[in-house]
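Engineer: Quick one, fold the following:
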Amino acid sequence: MTYTEEWVTARAHDAYERGRASFDVRPERAALLVIDMQDEFVRPGWSPYWVPAATRMAPRLRRLAEACRAASVPVIWTIFDDTHLGLDRPYALRFLPHADTDWRRPGPAEVWAPMGRHADEVVIRKPSYGAFYDTPLDTILRNLDRDTVIVTGTLTNYCCGTTARQAYERGYQVVFGSDVTATDEESRQEPELAVLRKGFALVLTAEEITHQLAAAKPVSEGEERANH
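Structural biologist: Next comes the predicted model:
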């Protein structure tokens with residue numbers, strides 16, 4: 001067979017539009033990652049780094065977190081904590097314009113209170129974009145015996161997208177929430193979803209994720225052992 005330019009271009013287009021990943025989202029295998037839904041990004045008008053789209057989607061993400069808890073899916077929160085530039089700080093980030101205003105966080109970064117985080121849920125303070133870089137996230141997930149991560153939060157094309165790629169590279173099945181992620185310039189949302197859809201993740205809406213978790217049939221002990 002001769003592969004024409006039209007054929008390979010159409011094939012690539014289809015992969016960006018429809019995706020390549022195909023797997024069931026099972027509650028006993030999954031964990032919900034809520035990336036950086038913290039005050040300076042989500043609290044309206046509080047900082048120059050506010051992401052209005054994140055505020056708008058926050059109620060939908062809170063409902064997804066509640067559905068995950070009901071299905072015994074652990075909810076893990078992250079915070080982008082850039083309050084220091086010590087030896088553990090990624091070298092490259094020192095040269096990016098993260099301090100392009102005089103605004104300074106008045107205290108430690110915290111999850112935005114209206115998100116409804118439960119006191120017993122893990123919060124990871126990460127020093128960089130991706131939630132796996134120099135954090136205990138991989139160890140936590142493996143201790144929980146979870147091999148599927150549901151990535152949500154903000155920014156879609158920075159911390160969420162980087163986390164999805166890091167998870168994929170570590171062998172996790174990655175679900176990316178198309179309407180429970182948000183970015184600071186909304187025309188950037190779909191291009192990032194397209195790349196993730198083609199190469200890294202199963203991209204689903206919150207409703208589709210909730211439906212798959214609710215529809216999953218219980219796994220017997222024998223089937224569980226066979227999967228391992």
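
Engineer: alpha carbons only for contacts and neighbour counts from here, please
Structural biologist: Fine.

Engineer: Are there helices or strands packed against the host helix or strand of Val195, and which ones?
Structural biologist: Using DSSP states H and E, the element containing Val195 is helix 189-199. Contact here means 3 or more Cα pairs under 8 Å, 6 or more residues apart in numbering; DSSP states H and E; on that basis helix 189-199 packs against helix 5-18, helix 161-169, strand 173-182, strand 202-204.

Engineer: Buried residues in the longest one, which are they?
Structural biologist: Right, the one you point to is helix 5-18. By 16 or more other Cα atoms under 10 Å, the buried positions in helix 5-18 come out as 15-16.

Engineer: Show me what that helix packs onto, helices and strands only.
Structural biologist: Contacts defined by 3+ Cα pairs under 8 Å, 6+ apart place helix 5-18 against helix 189-199.

Engineer: How far off centre is the helix it packs on?
Structural biologist: 13 Å (Cα atoms, centre = their mean, to the nearest Å).

Engineer: cool, and stretch 15-33?
Structural biologist: With Cα atoms, centre = their mean, you get 12 Å for stretch 15-33.

Engineer: what does stretch 74-82 give?
Structural biologist: Chain-centre distance of stretch 74-82: 10 Å, with Cα atoms, centre = their mean.

Engineer: Other residues contacting that stretch?
Structural biologist: With contact meaning Cα atoms under 8 Å, 6 or more residues apart in numbering, stretch 74-82 is reached by 30-38, 65, 68-69, 109-111, 121-129, 131.

Engineer: Of those residues, which belong to strands?
Structural biologist: Residues of these located in strands (DSSP state E): 30-35, 123-126.

Engineer: So for Arg94, what's the pLDDT?
Structural biologist: At Arg94, the model reports a pLDDT of 56.

Engineer: Same question for the one 3 residues further on.
Structural biologist: For Pro97, the pLDDT comes out at 53.

Engineer: Ok, Thr83 next?
Structural biologist: Looking at Thr83, its pLDDT stands at 57.

Engineer: cool, Arg89 as well?
Structural biologist: 55.

Engineer: circling back: and Arg56, which of the helices and strands packed on helix 189-199 is closest to it?
Structural biologist: Closest of those to Arg56 is strand 173-182, at 8.9 Å (criterion: Cα to Cα).

Engineer: tell me the angle that closest one makes with helix 161-169.
Structural biologist: Angle between the axes of strand 173-182 and helix 161-169 is 170 degrees (criterion: axes from the mean of the first three to the mean of the last three Cα atoms, to 10 degrees).

Engineer: before we move on, back to that, including distance to Asp145 and mean pLDDT, could the helices and strands packed on helix 189-199 go into JSON lines?
Structural biologist: Formatted as JSON lines, the helices and strands packed on helix 189-199 follow (distance: least, Cα to Cα, whole Å; pLDDT from 0 to 100):
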{"stretch": "helix 5-18", "distance to Asp145": "29", "mean pLDDT": "93"}
{"stretch": "helix 161-169", "distance to Asp145": "15", "mean pLDDT": "98"}
{"stretch": "strand 173-182", "distance to Asp145": "13", "mean pLDDT": "98"}
{"stretch": "strand 202-204", "distance to Asp145": "20", "mean pLDDT": "97"}
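
Engineer: Save these as a markdown table, and put in distance to Asp147 too.
Structural biologist: Listed next are the helices and strands packed on helix 189-199 as a markdown table, based on distance: least, Cα to Cα, whole Å:
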| stretch | distance to Asp147 |
| --- | --- |
| helix 5-18 | 23 |
| helix 161-169 | 9 |
| strand 173-182 | 6 |
| strand 202-204 | 14 |
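
Engineer: Off-centre distance for stretch 120-137?
Structural biologist: With Cα atoms, centre = their mean as the basis, stretch 120-137 stands 12 Å off its chain's centre.
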